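> 3D model of this:
(one chain, ligands or ions: 1)
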Amino acid sequence: MTFVFPPPAPPSVAIVGRTERFPVHRIYCVGRNYAAHAREMGKDPEREAPFFFCKPADAVVANGSALPYPSRTADLHHEIELVVAIGTGGTNIGLSQALSHVYGYAVGLDLTRRDLQAEAKDKGRPWDTGKAFDRSAPVSAITPAAAASLSESKIWLKVNGALRQQGALADMIWSVPEIIAELSTLFELAPGDLIFTGTPAGVAALRPDDRLEGGVDGLETLRLSVV
Ligand code: MN
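Numbering: from 1, shown residues only. All right, here's what the predicted structure looks like:
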C-alpha cells in the first residue's frame, strides 16, 4: 500500500518493564463514575448513571511531559483517573469474562477545558472542544494486569505538593468489569483501546507553572508540569 504522504506513527504508551510500547487504538472515557464527583458537578448519582465520551487516540501525552497550557480556555481542570488498557477486543463481553480482556492499568488525567464543556452543556452541544482537545490525555506507563493488585487502591492527585483529589477505586459506581461489559455493547472493543474510568471529587483549575503528581497505589505515578 502506498500513501500520498507518510502516515503518522501510531500513538503509543510506555509499558512498565518492557521496551515494546502499547499502541493506542481509541480512548474512551467514563463520565461521573464517582458519586462525590457527580455531586460536585451538580448531579445526583442516584438518578443518573455514568456514561461515555471519547478522546482522539493522539491526545495521549507521555509521563514526565511539560504540558503547554491549552488554547481557548481560562479554566483548565484536572481529573485524575484509573486507565484500563484493553489487550483483547470483543463485543457484548460478559461480566465474568471482562477482566480477561485487560492488558494492564495506568494512571491518567482527563484534562478538561471546563469553560468550553460548561458552554456545550448549556447549549446541548457535543463535549469535544471541552474534552477531546490536543494533549488532553496524559497517561503513565502501563503496568501489566498480572502485576497490578488494585482492589484496595487509593487514587489521588497533588498539585504543587498539595492534595487536590483523593478517592478509592472501590468507590467507582461502575466497576472495571461493568465498564467493559457496558462499553462493549456500544462499541466493538479492540486491542489498544484505553478506558479512562472517571474521577473522584476535588476537580479544580490548573495554572501555568503548576506541578502535578497523581497516582493509583500499585501503578506508576504520573508527573507533569504545565508550562
Ligand atoms: Mn473524567
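> in the chain, what residue is nearest the ion?
Proximity of the chain to the ion (CB to the ion) peaks at Asp110, 3.4 Å away. In this view, the C-beta of every residue, glycine as well, is placed from N, C-alpha and C.
> Roughly how far does the nearest residue to that residue once chain neighbours are set aside sit from Pro177?
Excluding its sequence neighbours, the residue lying closest to Asp110 (CB to CB, 6 or more residues apart in numbering) is Glu79, at 4.0 Å. According to CB to CB, to the nearest Å, Glu79 and Pro177 sit 22 Å apart.
> same thing with Gly202?
26 Å.
> So which of Glu79 and Pro177 has more stuff around it?
It is Glu79, of Glu79 and Pro177, that has more neighbours when counted by other CB atoms under 10 Å, with 24 against 18.
> Would you mind confirming that that one is in contact with Thr112?
Yes - with contact defined as CB atoms under 8 Å, Glu79 reaches Thr112; the gap is 6.0 Å.
> In CSV, list the C-alpha atoms belonging to stretch 156-169.
In CSV, the C-alpha atoms belonging to stretch 156-169 read as follows (Å, rounded to 0.1, in the frame of the first residue of the first chain):
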residue,chain,number,x,y,z
TRP,A,156,-5.0,10.8,44.4
LEU,A,157,-3.6,13.9,42.8
LYS,A,158,-1.3,16.6,44.2
VAL,A,159,-0.8,20.0,42.7
ASN,A,160,2.4,21.8,43.8
GLY,A,161,2.6,19.3,46.7
ALA,A,162,-0.9,19.9,48.0
LEU,A,163,-3.5,17.2,47.9
ARG,A,164,-6.4,18.1,45.5
GLN,A,165,-8.2,14.9,44.7
GLN,A,166,-8.5,11.7,46.7
GLY,A,167,-10.7,8.6,46.5
ALA,A,168,-10.7,4.9,46.4
LEU,A,169,-11.1,2.7,43.4
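> Check which residues of that stretch are buried.
Trp156, Leu157, Lys158, Val159, Arg164, Gln165, Gly167, Ala168, Leu169 (16 or more other CB atoms under 10 Å).
> does the first one count as helix, strand or coil?
Applying DSSP: H, G, I helix; E, B strand; the rest coil to Trp156 yields a three-state assignment of strand.
> Identify the bridge partners of it.
Judged by DSSP bridges, the bridge partners of Trp156 are Gln166, Gly215.
> how close does it get to Asp171?
12 Å.
> Quick check: next helix or strand after the one helix or strand in the chain whose mean pLDDT sits lowest?
Lowest on mean pLDDT, DSSP states H and E among the helices and strands of the chain sits helix 35-40, with a mean of 94. Using DSSP states H and E, the helix or strand that directly follows helix 35-40 along the chain is strand 51-55.
> How about that following strand and the ion, any contact?
No - Strand 51-55 is not in contact with the ion by CB under 5 Å from the ion; minimum separation 8.5 Å.
> Repeat that for stretch 73-81.
Yes - Stretch 73-81 lies within reach of the ion by CB under 5 Å from the ion, at Glu79.
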